[in-house]
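S.K.: okay, sequence plus prediction incoming.
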Amino acid sequence: MSNGPLFAAIEAGGTKFVCGIGSSEGSLRTVTIPTRDPEATLSDVEAFLDEAIAAFGPIAAIGIGSFGPLELDRTSPRYGHILATPKAGWQGTDMPSRLGERYGVSVSIDTDVNAAALAEMHAHDVDSLAYVTVGTGIGAGIVVQGNTVRGLGHPECGHIAVRRHPVHEDFAGVCPYHGDCLEGLASGPALQAAWGTTASHIPEDHPAWEAQADYLAQLCVTLILTVAPQRIVLGGGVMSRPFLLDMVRAAALRFLNGYCVQWDVAKANEALLLPRSLEPPGLVGSYLIAS
């Protein structure tokens with residue numbers, strides 16, 4: 001690590017919080033905290049930061065990559081608040097104000113997938129990249145010209161409409177808002193609801209994977225045709241099945257069907273549609289958000 005300022009980073013997930021003190025070059029100390037209610041979870045975060053600051057010295061700022069949806073408009077009085085999340089008890093939580101007041105430093109926040117996208121952008125030395133996570137939900141963080149994409153809210157790519165695969169003809173989907181959106185058909189809970197077992201236990205030759213690759217390829221092609229990223233990185237628990245990425249690549253080529261020549265060659269496709277290169281990218285990205 002360099003001798004520059006220290007930062008605190010928090011990857012705030014729906015299942016766990018990963019916290020660190022250090023910089024994007026590496027952590028001096030990290031901890032993993034199970035996500036419970038806001039008070040219990042954030043009290044544990046503060047206990048870690050108190051001990052880490054006592055051990056290593058003061059921090060210059062805090063960066064948070066969080067589950068959402070989030071209010072990211074800095075002019076809004078609700079900046080940094082978690083909005084209408086399905087995570088029980090977390091709606092309205094304001095982590096930046098709480099931590100900023102406690103530690104007397106600036107606190108910046110972005111989505112967890114945007115944090116991961118920033119980290120992967122630096123790792124691949126490009127200035128535009130999309131990071132897709134496929135797990136409990138589906139989300140995409142998008143970086144264009146080195147900045148995460150945000151506007152009236154932030155991208156919610158997991159909830160786009162997709163063309164239904166024939167094996168899901170009678171499956172309603174699990175999204176409580178849209179039923180058969182991408183997340184409703186292709187998230188980890190959707191796989192379990194459709195096939196009666198978790199993604200890690202579905203055999204490689206099961207028709208579920210053809211449908212899964214089809215849905216994720218539709219997302220990738222949508223990103224290619226709308227955002228034109230230099231790279232797309234796919235991560236999350238469902239993507240840990242090693243054969244799935246090649247299936248997504250092949251399906252994406254079929255959907256492009258000769259269009260968008262930069263991507264529409266197998267060799268180029270394999271160089272541009274990639275597995276994640278960092279672990280955990282959200283924590284590395286949170287350091288970048290802080291700095």
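M.R.: Structure received. Numbers count the residues shown, from 1 in each chain.
S.K.: rest of the way, CA atoms for contacts and neighbours
M.R.: Noted.
S.K.: buried set for the lowest-mean-pLDDT helix or strand in the chain?
M.R.: The helix or strand of the chain with the poorest confidence is helix 266-272; it has a mean of 88 (mean pLDDT, DSSP states H and E). Within helix 266-272, the residues scored as buried using 16 or more other CA atoms under 10 Å are 269, 272.
S.K.: ok, stretch 239-250 next?
M.R.: By 16+ other CA under 10 Å, the buried positions in stretch 239-250 come out as 239-240, 244-245, 247-250.
S.K.: who are the packing partners of the helix or strand A8 falls within?
M.R.: For A8, the host element (DSSP states H and E) is strand 7-12. Applying 3 or more CA pairs under 8 Å, 6 or more residues apart in numbering; DSSP states H and E, one finds that strand 7-12 contacts strand 16-23, strand 61-66, helix 281-290.
S.K.: pick the most buried one from those.
M.R.: Most buried of the helices and strands packed on strand 7-12, by mean neighbour count (mean count of other CA atoms under 10 Å): helix 281-290, with a mean of 28.
S.K.: residues making contact with that helix?
M.R.: Applying CA atoms under 8 Å, 6 or more residues apart in numbering, the contact partners of helix 281-290 are 7-11, 18-20, 22-24, 26, 61-65, 107-110, 112-120.
S.K.: equivalent analysis for stretch 227-238, please.
M.R.: The contact list for stretch 227-238, computed with CA under 8 Å, 6+ apart, reads 120, 126-135, 144, 187-188, 199-200, 220, 223, 245, 272-276.
S.K.: write a ChimeraX command that selects only the buried members of the residues you listed.
M.R.: The following ChimeraX line selects those of those that are buried, judged by 16+ other CA under 10 Å:
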select :120,126,127,128,129,130,131,132,133,134,135,144,187,188,199,220,223,245,272,273,274,275,276
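S.K.: in helices, which of the contacts of stretch 227-238 appear?
M.R.: Among the contacts of stretch 227-238, the ones falling in helices (DSSP state H) are 120, 188, 220, 223, 245, 272.
S.K.: could you single out the nearest of these to V167?
M.R.: G188 (16.5 Å; CA to CA).
S.K.: surely that closest one touches T136?
M.R.: Yes - using CA atoms under 8 Å, G188 makes contact with T136 at a distance of 5.2 Å.
S.K.: output the strand holding A8 as CSV, nothing but the C-alphas.
M.R.: The C-alpha coordinates for strand 7-12 follow below in CSV (Å, rounded to 0.1, in the frame of the first residue of the first chain):
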residue,chain,number,x,y,z
PHE,A,7,-10.2,5.6,3.8
ALA,A,8,-13.0,3.5,5.1
ALA,A,9,-15.0,1.4,2.6
ILE,A,10,-18.4,-0.2,3.2
GLU,A,11,-19.9,-2.7,0.8
ALA,A,12,-23.5,-2.8,2.1
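S.K.: average model confidence for it?
M.R.: For strand 7-12, mean pLDDT rounds to 97.
S.K.: what strands flank it, and is each parallel or antiparallel?
M.R.: Next to strand 7-12 in the sheet, as set by DSSP bridges, lie strand 16-23 (antiparallel), strand 61-66 (parallel).
S.K.: distance from the chain centre to it, please.
M.R.: The chain centre lies 14 Å from the centre of strand 7-12; the measure is CA atoms, centre = their mean, to the nearest Å.
S.K.: what is the orientation angle of it with helix 281-290?
M.R.: If you take axes from the mean of the first three to the mean of the last three CA atoms, to 10 degrees, strand 7-12 sits at 130 degrees to helix 281-290.
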